[in-house]
Every structure is written in structure tokens, then in C-alpha cells.
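Undergrad: Could you look at this predicted model? Sequence included:
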Amino acid sequence: MNKLLNFFLLLMLMLFSYEGKAQQLSLIQCLEYGKENQPDFKMQQLKINQKKETKRSFGSQFLPEIGMSASHAYSFGSSINPSNNNREPSNIQSDNFSVDARINVFDYSKWNQSKIQQLDVEIEKLQFQVIENTFELLVLEKFMKALSLQQWKKSTLYQIGNSKEQLQRISKEVEQGKRAKSDLYDIQVIFLQDEQTLSKITEDEILAKLELIQLLNHPSVTVNIELQMPEKVDLRETDFNIDQNISLLKHEIILEKSKEEVKQLKNLFMPTLQFNYSYGTFFAQKINNFSDTNLQFGSQLKDNKNQYVGLSLYIPIFQKGNALQKQNLKRLEQQVLIAEQEKEQKRLNDLKDVLIQKVNSLQLLENNLNDLVTASKKAFETTAQKYLFDKVDASVYKMAKNQLLQAEYDLLANRLDQLYFKQQLEINF
């Protein structure tokens, strides 16, 4: 028995030593660390950069397209010589060089393109915030779970200390013949059950903290951490506004983009006007076969210069119904988006009401739990004194101890749940 007590004392010293050297970590630090190395954030930022790179300004559609072209060709055939009315071979080598430019004077099919591309950028930015909110909620869940187990372990350690004192005292009294051995067996069972409970809580705490550390993915955060209790958060006096929820804002931008795309499709029925300009020259000479190819252009390139200036107007009349079909599909897509938006609004409204109701209920219950803990402590102290003088048996002592543990656990769970639900309200709204 003495060896068992010495081993357990050593275990408790190791646990307290472990906690004393542990890295202190708050909820805010967890959120900051997690955002630094979270792959989802990096991937989404790359998507934002992609959309920014795709975006073109409105004025860019009026910039000219300029290109150069060159061609070298042969034509083999025959023609009638008007001087003698005889058919003669007519083989010609020709070379053409030109610089061409064209500008869209107006093209309504691209009128909204710049705005749509800007909305794409905004959608990706809002998606980044959606990912951020989701991550914050996940960190909050893991943090509060690990914190609950950590604080519960501390309370259990304190109660085990009481059981150890009772075990040592009764062991001495049994040796002195003041107590029956059955009393020693009873307190040993209580003590070993407490040890088993502590072992289970410790394993659950280590696993919960490991899950939190893996989520944070930060090199400075190790397994040896001590989570700090978050500061008390009071509910806002003003109402929580679901309109500011990132998910709803994203739905609004997606719907706005769909409307702009419908306008873009309507513009396909509008005429387009294009300005064209070409500056070129050519070289040509008669040859007998390929071996007569001549690249000594002489003065022909200078003498044969020419320019072309023109306007090209295109008016769409019939497009096989493709544009109308695309418009109808976009309108149906808008109806789906509106339905999804209404569904999300209901979900957020329901979530807000449930969270506020949970917080209010927990706050009302907290005073009763405080009174219960106070009464349970007094009952346990009284029972412990009675057990000391052999006025009650071990079962009564165990019942009083368990009542106190349960009351302390319920109060701890109440306070942590309040913090958890309040933080959810802050993140979501």
C-alpha cells in the first residue's frame, strides 16, 4: 500500500511539474497561429490572385490589336497573250508584307465584362472570409473541448488529494487497531476509482489538445500546452444583424454577378462596329520554275506600298436561339440563388435565436449551480468529518464526494458553454 501511495504521489508531482512548464496558450493566440499556416487560406489567396490577374479594365476593350503578317507564294498556270492571242505559261512569285490594326469602336457584348470580372474578385475575397469564419468556429470548438477536460482534470486532482489523505489516515488507524480492515478496503476502492477517472480524463485531454495542435499547424505550439480561460464575454446590447454575415454577403454578390451576366447576354443582340487599318506592300515577278525564285525585291516594295482604312458594322439577326437559351438558363439560375439565399437567411436567423436562448438559459441556471456547489462543499466537509470519527461509512462519504464533483462539473460546463455560445455569436454575426 505504501508503494502504491508513493507511486501516485510521484505521478501527481510529475503532472504538476508538467503543467508548470507548459506553454500558455489563449484562444486569440490559437486563432492567430492557425491562420498563419492553414493551407486553405493560402489556396484561397491564390484563387484571389488568379481572378485579379484575369480582370481587365473597361478601357482595355478599346485598345487596338496590332499585328504583322508576311507571305511568300507561287502561282503556276497559263494566260492568253493579247499581243499574239497565244496561250503562254504564267508562273508568278509573290511576296506580301503588311501591318494590320483593328479597334472595337463599340462592342456591347463586352460592355459588362470588366464589372463581372471585378465581382469575381469580390466573390473570392468573401469566400476567403467564409473559410476564415469556418476555421475560427472549428478552432473554438476544439479549444473549448480541450479546455473543459483540462479544467475538469484539475478539479479531479484536488478530489484525489482528499481521497489520498483519507486513505493514509485510515491505513494508520487500521494498523493501530482502531478501524476494521473493511474500512480500508472501502476507501481503497474509492481511491482506485478516482485514479481510473483521472487517467481517463488525462487521456481525453491529451487527445483533445493533440487535435487542436494539429489544426493550428504551427511550429511553436507543442503538446505541452496550458490553455487559458477566455475572458468573459457579455452579449451585445444591440441586436445581432444577420445581414452582415459573410455567407449572406457572398450570396448577394453572386446574385449581382448573375444579373450582370444576363445583361451581357442581352448585349449579344446589339451591333458591333470595328475600325480596321492596314499598311502593306508586295513584290511579284514572273518565273519559269522554283529555281527562278528571287528575293532581291529592288524598288518594288517601295513602289507598291498601299494602305487600307475601313469600318466594319455587324448587326446580329438570328443566332439559332443560343443567346435566348442562355438568358433563360441564367434567369433560372437567379431563382435558385434567391432560394438558396432565403434558406441561408432562415438558417442564420434560427441559429441566432437558438444561441441567444441557450446563453440566457445558462445565465439563469448559473446562480442555482453556484448555490448547489456551495451547499455540496458544506455537505462534503460535514460528511468528511463524520467519516473521520467513524459516524458514517465509506458509501456515504463517496456519495457526498460524487455530489460535489458533479456540482463542480455542472458549473464548469455551464460557464464554458456560455463562453462557447457567445463566441459563436461574435464570429457569425
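TA: That came through fine.
Undergrad: All the helices of the protein, residue numbers only.
TA: Here the chain has its helices, by DSSP state H, at 2-20, 27-37, 39-54, 113-175, 181-216, 246-266, 300-303, 322-388, 394-428.
Undergrad: which one of the ones you listed lies closest to Pro64?
TA: Comparison of the helices of the chain against Pro64 by CB to CB identifies helix 113-175 as nearest, at 17.6 Å. No exception for glycine: its C-beta is placed from N, CA and C like everyone else's.
Undergrad: looking at the helices of the chain, which is closest to Phe62?
TA: Set against Phe62 and scored by CB to CB, the helices of the chain come closest in helix 113-175, at 11.5 Å.
Undergrad: on that earlier part again, hey, least reliable of the helices of the chain by pLDDT?
TA: Of all the helices of the chain, the minimum mean pLDDT falls on helix 2-20 (a mean of 45).
Undergrad: From Lys47, how far off is the most centrally placed residue in the chain?
TA: For the chain, the residue nearest the mean C-alpha position is Ile131 (1.7 Å; CA atoms, centre = their mean). Ile131 sits 10 Å away from Lys47, going by CB to CB, to the nearest Å.
Undergrad: What of Pro39?
TA: Going from Pro39 to Lys47 by CB to CB gives 13 Å.
Undergrad: what's the answer for Asp243, then?
TA: With distances taken as CB to CB, Asp243 is found 25 Å from Lys47.
Undergrad: do Gln274 as well
TA: From Gln274 to Lys47 the distance is 34 Å (CB to CB).
Undergrad: ok, now Leu215?
TA: Leu215 sits 22 Å away from Lys47, going by CB to CB.
Undergrad: cool, and Asn133?
TA: Using CB to CB, one gets 17 Å for the distance from Asn133 to Lys47.
Undergrad: Then Glu136?
TA: Taking CB to CB, one finds Glu136 at 20 Å from Lys47.
Undergrad: Between those two, which is the more surrounded one?
TA: Each of Glu136 and Lys47 has its neighbours counted (other CB atoms under 10 Å); Glu136 has more, 20 against 16.
Undergrad: Please tell me I have it right and that one contacts Leu31.
TA: Yes: Glu136 lies in contact with Leu31 (CB atoms under 8 Å); the separation is 5.9 Å.
Undergrad: Which residue is the nearest non-sequential neighbour of Gln406?
TA: Once flanking residues are discounted, Gln406 sits nearest to Ser376: 8.0 Å by CB to CB, 6 or more residues apart in numbering.
Undergrad: likewise Tyr387?
TA: According to CB to CB, 6+ apart, the nearest residue to Tyr387 is Tyr397 (4.3 Å).
Undergrad: likewise Ser278?
TA: In this structure, Ser278 finds its nearest non-sequential neighbour in Tyr308, 4.1 Å apart by CB to CB, 6+ apart.
Undergrad: how about the closest residue to Ala394 other than its chain neighbours, what does it touch?
TA: Leaving out its chain neighbours, the residue that sits closest to Ala394 by CB to CB, 6+ apart is Asp186, at 3.3 Å. Going by CB atoms under 8 Å, 6 or more residues apart in numbering, Asp186 touches Asp393, Ala394, Ser395.
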